[in-house]
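Engineer: Sequence and predicted model, in that order:
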Amino acid sequence: MGKVLMKGNEVIAEAAVQAGCKYFFGYPITPQSELVAYMARRLPEVGGLFLQAESEIAAINMVYGAAGTGVRVMTSSSSPGFSLKQEGISYLVGSELPAVVVNVVRGGPGLGNIQPAQSDYFQVTKGGGHGDYNIPVLAPASLQEIVELTSEAFDIADRYRTPVILMGDGMLGQMMEPVEFGERTESELPEKNWATTGTRGDGQPKIITSLELNAEALETRNEALQNKFARIKENEVRYETYKTDDADYIMVAFGTVARLTMNAINKARQQGLKVGLIRPISLWPFPEKPFLETRDRVKGYISVEMSAGQMVEDVRLAVNGHADVDFYGRTGGVVPTQEEIYQKILTVTGGISV
Amino acid sequence: MLEETIIAGFGGQGVMSMGQLIAYAGMFEGKAVSWLPSYGPEQRGGTANCAVVVSDEQVGSPLVTYPSTAIVLNNPSFDKFEPLVSPGGLLIINSSLVARVSKRSDIKVIELTATDIANDMGNVRVANMILLGAFIELTRVVSCESVIHSLKKVLSEDKHHLIEVNKQALNKGTSMISVTH
Amino acid sequence: MTMKTVFKKTNGLTDNPTHYCPGCTHGVIHRLVGEVLEEMDILEDTIGVASVGCSVLSYEYFNCDMTQAAHGRAPAVATGVKRVLPDRFVFTYQGDGDLASIGISEVIHAAARGEKITVIFVNNAIYGMTGGQMAPTTLIGQKTATTPFGRDESIQGSPIKVCEMLATLDGTAYIERVSTHDVPHIQKTKRAIRTAFETQKKGLGFSMIEILSTCPTNWGLDPNESLDWVKENMLPVYPLGVYKNKEGGN
């Protein structure tokens, strides 16, 4: 299969289908509605099922039911709808059910608007719903990367029995780029012997639940969850660096903003400014390693986000006082331009150094 | 080569498909491309625009603030994007619908009465293709052949009978530039 | 001398002792559901969905695969299960707070879609687990922790009649309201549950059995008084009977 030109939202859907996801429960919301529509058309072709739920709450609970039977299942939404899914996401974590949840982030808080944003960073990386938990979050920056990360999201979900969030923004969802769907490499994944499919032929009744009324028993269960999160932190960190080897200043950005930032970096490099980029691909677990490796030799970091400053907190934790940490962000659906980012670089670095 | 184009007009004028045609054509020619639409309520009859980037290297930003070319199909689009065209850039105006005159001397300005010409050709809806033909002739960012090939992708199958008239309009646009310039 | 077995616990229930209060009819209803599953020989092909409320732990008691749903969401969870496994039997077990208050949207839409699931809806006109607050099905004048002066129609509105409401939807195939206040009615309840699962087996659509039940603890009555209270106070507001029978033509 050669290259095809598709919208980001459609790429997520097609990549999910190719990853073996046959079930999708969703509810329309801009700017991710193309994903829902694509699934409605595409899933019957592969013998799967698309169902439009009556609400995001119902959709995530249908996902919970389907995930409990052991199939690959997905739902998607955008910020206000994603908030409604938090209840179900917390239950998926507590009951240890694999699923992939897409958040095509838009401007908030409240109804906000439908323009691109990254202001759900706290929500996706720090829990979101109730209880002690983290969820792996993958943030692609290009449509080709969506193909790869959607497939990985399902593998991570199955490997650790956890929901995985795929986070994009309105720009990524709406834009078109050429993509190629290559052959998927099948990962070796644990058998789903916990699935509730009826007991015929497989022994004692199985129970899927997040309830544990005994405090000590729940604590034990939480410890097991925390151990799992530690394993994920160990194995599932993803990031990319760009021109950091000789950098005096390192920009930090994810998703589409990383691309804008890269352009600004190239412009700064033309002016002789040694600037690089760390692009977290997994937002949780947050990539600490590239910061540990650079924080004692660079002058500072600049986090660029479509938010009022959320990821910058994780940057500060990773840098831990070893260097300056600065921030540039736009909110409410305003996308920072590469010119603005370039100006920020000039301000922080003290300008042209040649 | 890096061509960052913004195409803007009313919803329904075919600005989105113009952008998609350039993106498809670029892809067929092995170039890196991106297409980014404005979206939302403004799609419904208001002003719509899309940004297309065609590049020899991987596309950094799909978002275009200062386009190398702006193609404007109505007054609000002229007002918004005329000042943003980067110096040395190109502004293509559908002067059938735009009643403004650019005062900029640092860019190339092309005015085409695309809607009138399309009317004369018997199909007002191909005005966008006339403008696109002019754009291609002026920038050579993609070839006409690639755009014609792309029509099959952008037009749904029940509209493939319109490929011929679109092709004619595209050629009309190119010839108008090659004659006058 | 060998003893003859004259009564046996159904295999449809596990050996776990239930946590239900003395005099509560949840235990009876559990047993009826378990017996039906066993008699139809579908225990191994059934996935039950537990809800939130007094029956939150029902997954400990039904002897089949069970999933625990969030408050009110059991019909959505059951939809997910049934759509993936259309040849299995899927039921939800929900109380009145769970189904008629927080989960009314999920049950209406599951019914409207004609989901081929069976809903066991236990209506005792009060929130039990949380300590006796007003439910959507609480009667006018009934005192609860949150209606200390009795439910006042001008303030809290009137009881929701779920059977009557869902019967209006084309997706519903079998809807019946039954009661557990005496033995003949308990037997009738079992027949209704059986019909609902048979409806699911035939793939006719959504089935729900609303079962009038007791809450001696929160009603402040002894078990016998509670049974009388169902008969005297609930039956006039919630008339028993079949509200929808697609097969039977109504």
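Structural biologist: Now that the structure is in, tell me what you want to look at.
Engineer: contacts and neighbour counts: CA atoms only from here.
Structural biologist: OK.
Engineer: B:Thr174 touches B:Ile136, doesn't it?
Structural biologist: Yes. Here B:Thr174 reaches B:Ile136: they are 7.0 Å apart, a contact under Cα atoms under 8 Å.
Engineer: In terms of packing, which of these two has more residues around it?
Structural biologist: With neighbours defined as other Cα atoms under 10 Å in any protein chain shown, B:Thr174 and B:Ile136 compare such that B:Thr174 has more, 22 against 19.
Engineer: remind me which residues of the chain are low pLDDT?
Structural biologist: Using chain A. Within chain A, the ranges that satisfy pLDDT under 70 run A:1, A:352-354.
Engineer: was after chain B, sorry
Structural biologist: Checking chain B against pLDDT under 70 turns up B:40-46, B:179-181.
Engineer: ok, and the closest non-adjacent residue to the residue of it found nearest chain A?
Structural biologist: Proximity of chain B to chain A (Cα to the nearest Cα) peaks at B:Leu36, 4.3 Å away. Nearest non-adjacent residue to B:Leu36, counting by Cα to Cα, 6 or more residues apart in numbering or on different chains: A:Met175, 4.3 Å away.
Engineer: Can you give me the distance of that neighbour to A:Gly8?
Structural biologist: 6 Å (Cα to Cα, to the nearest Å).
Engineer: Pull the contacting residues for the residue of chain B closest to chain A.
Structural biologist: A:171, A:174-176, B:50-52, B:62-63 (Cα atoms under 8 Å, 6 or more residues apart in numbering or on different chains).
Engineer: Adding neighbour count, distance to A:Pro80 and secondary structure, write those residues out as CSV.
Structural biologist: Putting the contacts of B:Leu36 into CSV (neighbours: other Cα atoms under 10 Å in any protein chain shown; distance: Cα to Cα, whole Å; DSSP: H, G, I helix; E, B strand; the rest coil) gives the following:
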residue, neighbour count, distance to A:Pro80, secondary structure
A:Met171, 29, 17, helix
A:Gln174, 24, 18, helix
A:Met175, 24, 21, coil
A:Met176, 28, 24, strand
B:Cys50, 23, 26, strand
B:Ala51, 26, 27, strand
B:Val52, 31, 30, strand
B:Pro62, 25, 25, coil
B:Leu63, 28, 25, coil
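Engineer: Dump the residues you listed to TSV, plus distance to A:Met306.
Structural biologist: Below are the contacts of B:Leu36 laid out as TSV (distance: Cα to Cα, whole Å):
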residue	distance to A:Met306
A:Met171	11
A:Gln174	16
A:Met175	17
A:Met176	20
B:Cys50	21
B:Ala51	20
B:Val52	22
B:Pro62	15
B:Leu63	14
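Engineer: Of those, which is the nearest to chain C?
Structural biologist: Closest approach to chain C among the contacts of B:Leu36 (Cα to the nearest Cα): A:Gln174, at 28.8 Å.
Engineer: pretty sure the closest one is in contact with B:Pro37, am I right?
Structural biologist: Yes. If you go by Cα under 8 Å, A:Gln174 and B:Pro37 touch, sitting 6.7 Å apart.
Engineer: Looking at strand pairing, list the partners for the residue of chain B closest to chain A.
Structural biologist: B:Ala51 (DSSP bridges).
Engineer: next one: C:Asn123
Structural biologist: Counting by DSSP bridges, the residues bridging with C:Asn123 are C:Leu212.
Engineer: ok, now which ones touch it?
Structural biologist: Residues in contact with C:Asn123, defined by Cα under 8 Å, 6+ apart, are C:95-96, C:137, C:210-213.
Engineer: Which residue is the nearest non-sequential neighbour of A:Ser55?
Structural biologist: A:Tyr27 is the one closest to A:Ser55 (Cα to Cα, 6+ apart), at 6.0 Å.
Engineer: I'd assumed C:Arg177 was in a strand, is it?
Structural biologist: Yes. Applying DSSP: H, G, I helix; E, B strand; the rest coil, one finds C:Arg177 inside a strand.
Engineer: which ones are touching it?
Structural biologist: Residues near C:Arg177 by Cα under 8 Å, 6+ apart: C:163, C:209-212, C:238-243.
Engineer: right, and the secondary structure at the residue nearest to C:Cys54 when sequence neighbours are not counted would be what?
Structural biologist: Of all residues not flanking C:Cys54 in the chain, C:Met129 sits nearest, at 4.8 Å (Cα to Cα, 6+ apart). Recorded secondary structure, C:Met129: coil (three-state DSSP).
Engineer: can you map out the strands along chain C?
Structural biologist: Along chain C, the stretches classed as strands by DSSP state E are C:46-50, C:65-68, C:89-95, C:118-123, C:172-179, C:206-212, C:241-245.
Engineer: For chain A, give the helix that spans the most residues.
Structural biologist: Ordering each helix of chain A by length in residues (DSSP state H) puts helix A:215-235 first.
Engineer: same check, this time on chain B
Structural biologist: When chain B is parsed with DSSP H, its longest helix is helix B:163-180.
Engineer: ok, and for that one, which residues are buried?
Structural biologist: Residues of helix B:163-180 classed as buried: B:163, B:165-177 (neighbour count, 16 or more other Cα atoms under 10 Å in any protein chain shown).
Engineer: same for that helix, what does it pack against?
Structural biologist: helix B:127-139, helix B:144-154 (3 or more Cα pairs under 8 Å, 6 or more residues apart in numbering or on different chains; DSSP states H and E).
Engineer: swap the cut-off to 7 Å and go again
Structural biologist: helix B:127-139 (3 or more Cα pairs under 7 Å, 6 or more residues apart in numbering or on different chains; DSSP states H and E).
Engineer: Output the contacting helices and strands for the helix it packs on.
Structural biologist: So helix B:127-139, by 3+ Cα pairs under 7 Å, 6+ apart, packs with helix B:15-28, helix B:114-121, helix B:163-180.
Engineer: closest one to A:Asn214 among these?
Structural biologist: Nearest to A:Asn214 among these is helix B:15-28 (59.1 Å), distances taken as Cα to Cα.
Engineer: So which bits of that closest one are buried?
Structural biologist: B:15-28.
Engineer: One more: stretch B:77-88?
Structural biologist: B:77-78, B:81-82, B:84-86.
Engineer: hmm, who's touching that stretch?
Structural biologist: The contact list for stretch B:77-88 (Cα atoms under 7 Å, 6 or more residues apart in numbering or on different chains) reads B:8-9, B:66-70, B:72, B:106-108.
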